[in-house]
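S.K.: my questions concern the predicted model and sequence given below.
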Amino acid sequence: MKRKLLDKVSIKGFVIAVGVAVCLSACSKDNEPVATELTPTAEITTQEETAVTPVVTTGSETTPTPISTEAPDKTEDRNLFESNDNPLKRPNTIQEFNVTVELGQYKGLEIPYTVKKVSDEDIQAKLDVLREVYPDKKAIGDRTLEPGDTLRVDYQGYYQGIQYDEAMAYFAEITIPEAPVEYSFAYDFVGHKIGDDLEIKIIYPEDYQGKETLKGKEIDYKIHIRDAYDYVPAEVTDEFIQILTGYVNFDDYKAGTRAELEAEAESEAAKKAEETLMNTIIDGCTYSGQIDEELDYMYGKYITYNDDYAYEMMYDSGAQYFSMVNDITEEEYYNQARKTSDRNTKFDRALLAIAKAEGLSCSDEEMIAAGQALFAENYSTDSKAKLYKDFTKEEIDRILTESVLKEKAFELVRENTIYTGK
């Protein structure tokens with residue numbers, strides 16, 4: 001099996017809207033959201049019945065709660081809600097917003113589709129990452145040690161003349177820093193050679209931020225330098241290729257990596273094209289009514305769900321966690337979270353408006369299939385009863401029906417889009 005080296009980690013946040021888990025983009029450093037999963041199941045809002053086309057009034061949605069992986073059965077499970085004595089029954093809690101969507105053009109749109117050409121330099125760059133991550137060791141020989149060298153040492157600390165085992169190690173690997181570091185002897189190796197012995201005294205303050213057992217102690221260290229070496233980019237051999245990539249040799253690696261990068265480029269082009277299509281449709285619509293209230297509400301749900309996710313990862317907030325993994329500030333996180341939430345909410349509205357304008361419908365079979373797909377993908381629960389634990393029959397029907405309508409609407413838009421350059 002081939003081992004693949006991951007590029008910079010990109011973490012996606014998840015938002016639940018109308019009770020369905022939604023894969024939404026997290027934030028990227030350039031103030032543009034990471035490519036969203038542009039399926040019509042992106043976020044679930046709700047639709048209020050109207051007969052006006054193409055101006056459509058819609059409404060939204062419910063509180064998030066995990067639900068079952070199994071879709072409701074048309075007979076047995078539907079009957080579960082026939083009696084008000086059902087212990088799982090609870091009042092409908094869908095939050096309604098009266099929003100009117102006046103559609104712009106959504107058929108015949110011209111969207112650029114540009115696939116990046118993979119070069120030999122791209123392949124070499126990917127290989128160079130492997131060489132840096134899995135470097136070779138090169139002995140430094142008889143020269144004196146200098147910053148950047150890595151060495152292995154034995155050291156023993158003494159506290160008040162007595163051997164102190166909390167300050168000792170054998171075969172400790174230390175890299176010499178570029179400048180002295182407070183309360184460390186790592187820089188003291190500069191100018192020495194392999195085999196030298198050193199004696200160094202370090203006085204640790206009471207508020208020392210390192211090892212607890214060293215606080216407030218004066219430690220005399222005796223150190224022996226065992227060996228030293230540099231880490232250098234690995235030599236590319238067939239063995240190196242086989243162990244780290246699973247390919248047979250360098251030529252095989254180049255061919256396989258080119259195919260991988262071309263597939264990635266194609267996928268990236270498709271995502272970017274659908275992102276452009278999504279934004280074009282949103283920009284062409286006119287939203288009125290309680291759109292601002294709904295955007296605020298959905299943004300609050302987005303932040304709350306990301307916060308809950310971060311708590312599970314032992315972080316204080318979604319802002320702290322996602323800003324850390326994406327290397328952005330918390331202010332950038334909130335700005336991009338708002339942009340992503342608003343965009344997806346408006347796009348949901350547009351899709352429902354298109355479904356209304358096109359007279360699209362959802363059969364009972366399609367609704368059940370949607371339930372199977374959505375819940376199996378997003379949850380690991382295995383009981384039908386759990387599906388109904390926090391949702392009424394009406395809510396489930398509404399959630400799944402609108403999921404199908406959005407999927408059909410987006411597929412219609414895709415089929416009628418002209419992708420230039422494809």
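M.R.: Perfect, I can see it now. Keep in mind that this is a model prediction, so the values were computed, not measured. Residues are numbered from 1 along each chain as shown.
S.K.: secondary structure element holding A125?
M.R.: For A125, the host element (DSSP states H and E) is helix 120-133.
S.K.: give the buried residues for that helix.
M.R.: For helix 120-133, burial by neighbour count (16 or more other CB atoms under 10 Å) applies to 122-123, 126-127, 130-131. All C-beta atoms are positioned from the backbone trio N, CA, C, and that covers glycine.
S.K.: show me where the stretch 301-422 of the chain has helices.
M.R.: For the stretch 301-422 of the chain, the helices defined by DSSP state H, counting those that start in this stretch occupy 318-325, 330-357, 364-378, 384-387, 393-415.
S.K.: over to the stretch 101-250 of the chain?
M.R.: Applying DSSP H, counting those that start in this stretch to the stretch 101-250 of the chain gives helices spanning 120-133, 238-245, 250-284.
S.K.: relative to I225, which of these is closest?
M.R.: Nearest to I225 among these is helix 120-133 (26.1 Å), distances taken as CB to CB.
S.K.: residues in contact with P177?
M.R.: The contact partners of P177, taken as CB atoms under 8 Å, 6 or more residues apart in numbering, are 147, 184, 186-187.
S.K.: and the residues you listed, which two are the farthest apart?
M.R.: Pairwise distances across the contacts of P177 peak at 13.2 Å for P147 and S184 (criterion: CB to CB).
S.K.: any idea of the pLDDT on G421?
M.R.: We have a pLDDT of 85 for G421.
S.K.: again, but for Q95
M.R.: Confidence at Q95, expressed as pLDDT, is 79.
S.K.: that one contacts M298, correct?
M.R.: No: Q95 is beyond contact range of M298, at 9.6 Å (criterion: CB atoms under 8 Å).
S.K.: what sits against the residue of the chain positioned farthest from its centre?
M.R.: Note on the chain: the largest C-alpha distance from the chain mean falls to G161, namely 53.2 Å (CA atoms, centre = their mean). G161 sits next to no residue when contact means CB under 8 Å, 6+ apart.
S.K.: how about R152?
M.R.: R152 touches 171-174, 225-228, counting by CB under 8 Å, 6+ apart.
S.K.: for E331, state which of the contacts of P177 is nearest.
M.R.: Of all the contacts of P177, E331 sits closest to S184, with 34.9 Å by CB to CB.
S.K.: could you tell me the phi and psi values at the closest one?
M.R.: phi -140, psi 140 (degrees, to the nearest 10).
S.K.: contacts only, for it.
M.R.: Applying CB under 8 Å, 6+ apart to S184 gives the contacts 177, 202.
S.K.: roughly how far apart are it and Y208?
M.R.: Per CB to CB, to the nearest Å, S184 is found 11 Å from Y208.
S.K.: got it, and E239?
M.R.: The separation that E239 has from Y208, given CB to CB, amounts to 45 Å.
S.K.: tell me which of these two has more neighbours.
M.R.: Y208 (17 against 10; other CB atoms under 10 Å).
S.K.: any idea how far that one is from V413?
M.R.: With CB to CB as the criterion, Y208 and V413 are 62 Å apart.
S.K.: with D136 instead?
M.R.: D136 sits 53 Å away from V413, going by CB to CB.
S.K.: ok, the two, which is more surrounded?
M.R.: Legend: neighbour count by other CB under 10 Å for D136 and V413, higher for V413 (22 against 13).
S.K.: pretty sure that one contacts G104?
M.R.: No: look at V413 against G104 with CB under 8 Å: they stay out of range, at 11.9 Å.
S.K.: so who does L127 touch?
M.R.: Contacts of L127 by CB under 8 Å, 6+ apart are 236, 253, 257.
S.K.: apart from its neighbours in sequence, what residue is nearest the first one?
M.R.: The reference is to V236. Leaving aside its sequence neighbours, V236 sits nearest to F250 (CB to CB, 6 or more residues apart in numbering; 6.2 Å).
S.K.: count of neighbours near that neighbour?
M.R.: Count around F250 with other CB under 10 Å applied: 15.
S.K.: report the separation between it and Q124.
M.R.: Distance from F250 to Q124, by CB to CB: 11 Å.
S.K.: ok, how many other residues are close to E262?
M.R.: 15.
S.K.: thinking it is in contact with S119, fair?
M.R.: No: counting by CB under 8 Å, E262 stays clear of S119, with 11.0 Å between them.
S.K.: shaky segments in the protein?
M.R.: 1-94, 374-391 (pLDDT under 70).
S.K.: again, only using 90
M.R.: 1-96, 140-142, 210, 230-231, 364-365, 367-400, 421-422 (pLDDT under 90).
S.K.: so how far is stretch 349-364 from its chain's centroid?
M.R.: 30 Å (CA atoms, centre = their mean, to the nearest Å).
S.K.: closest to Y302 out of the contacts of P177?
M.R.: Once CB to CB is applied, the member of the contacts of P177 that ends up nearest Y302 is S184, at 44.2 Å.
S.K.: now the closest one: how far from L214?
M.R.: Taken as CB to CB, the span from S184 to L214 is 11 Å.
S.K.: chain neighbours aside, what residue packs nearest to E266?
M.R.: Counting by CB to CB, 6+ apart, the residue nearest E266 is V115, at 5.6 Å.
S.K.: ugh, wrong one, I meant E166
M.R.: Using CB to CB, 6+ apart, the closest residue to E166 is T213 (4.1 Å).
S.K.: count of neighbours near the one you found?
M.R.: 13.
S.K.: how near is it to E96?
M.R.: 62 Å.
S.K.: equivalent analysis for V404, please.
M.R.: Here the criterion is CB to CB. By it, V404 lies 21 Å from E96.
S.K.: how about D308?
M.R.: Separation of D308 from E96 (CB to CB) stands at 24 Å.
S.K.: before we move on, what about Q163?
M.R.: To E96, Q163 is 74 Å away according to CB to CB.
S.K.: all the strands of the stretch 101-250 of the chain, residue numbers only.
M.R.: Secondary structure of the stretch 101-250 of the chain (DSSP state E, counting those that start in this stretch): strands located at 110-112, 136-139, 150-159, 162-175, 197-203, 218-232.
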